[in-house]
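J.: Sequence first, then the predicted structure:
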Amino acid sequence: MEVINILKSNGISNVRIFDADPLTLQAFSRTGINLMIGVPNEILPSLASGTPTFALQWLQTNVLAHILPSQIRYIAVGNEVFLKDPFYAPYVVPAIVNLYRALQTLNLDSTIKLSSPQAASVLSISYPP
């Protein structure tokens with residue numbers, strides 16, 4: 001709870017966490033701090049090869065069981081896959097599609113956005129931004 005107080009006292013209202021750890025999500029629950037929640041690379045094959053129903057179950061069990069949907073702004077699918085873990089690259093888009101369909105089922109597709117964070121070094125030219 002000390003971390004939450006430090007964030008709030010410094011006016012920080014948006015935080016990125018790198019995985020859907022239940023204790024971390026519960027700590028942020030009802031704090032008024034909005035989250036970007038990461039989906040670890042290791043989970044991408046299951047989310048990609050499964051059905052939207054699997055993605056729905058994953059969301060409900062690992063995320064929504066611990067925090068209000070109104071606090072979730074983004075779900076970051078994978079983390080720098082193309083640079084750090086190219087093995088997972090083929091799973092990114094199918095995982096995003098299944099998660100999006102799961103969000104549609106929950107009527108959360110207009111409030112929770114999906115993205116896939118990538119290192120700037122994957123761009124051949126990064127200037128101008």
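T.: That came through, no problem.

J.: When you work out contacts or count neighbours from here on, use the C-alpha atoms and nothing else.
T.: Noted.

J.: who's in contact with the lowest-mean-pLDDT helix or strand in the chain?
T.: Here the helix or strand of the chain ranked lowest by mean pLDDT, DSSP states H and E is helix 81-84, holding a mean of 84. Outside helix 81-84, the residues that touch it by C-alpha atoms under 8 Å, 6 or more residues apart in numbering are 41, 87-89, 118-119, 121-122.

J.: 6 Å instead?
T.: Here helix 81-84 makes contact (C-alpha atoms under 6 Å, 6 or more residues apart in numbering) with residue 89.

J.: ditto for stretch 44-61
T.: Residues contacting stretch 44-61 (C-alpha under 6 Å, 6+ apart): 91, 94-95, 98-99, 101-102.

J.: How about the contacts made by the residue sitting nearest the centre point of the chain?
T.: Geometric centre of the chain, nearest residue: residue 75, 2.5 Å, by C-alpha atoms, centre = their mean. For residue 75, the contacting residues are 36-38, 114, by C-alpha under 6 Å, 6+ apart.

J.: For residue 48, which non-adjacent residue is closest in space?
T.: Closest residue to residue 48 apart from its sequence neighbours, by C-alpha to C-alpha, 6 or more residues apart in numbering: residue 95 at 4.0 Å.

J.: ok, that neighbour to residue 31 distance?
T.: Noted for residue 95: a distance of 29 Å to residue 31, by C-alpha to C-alpha, to the nearest Å.
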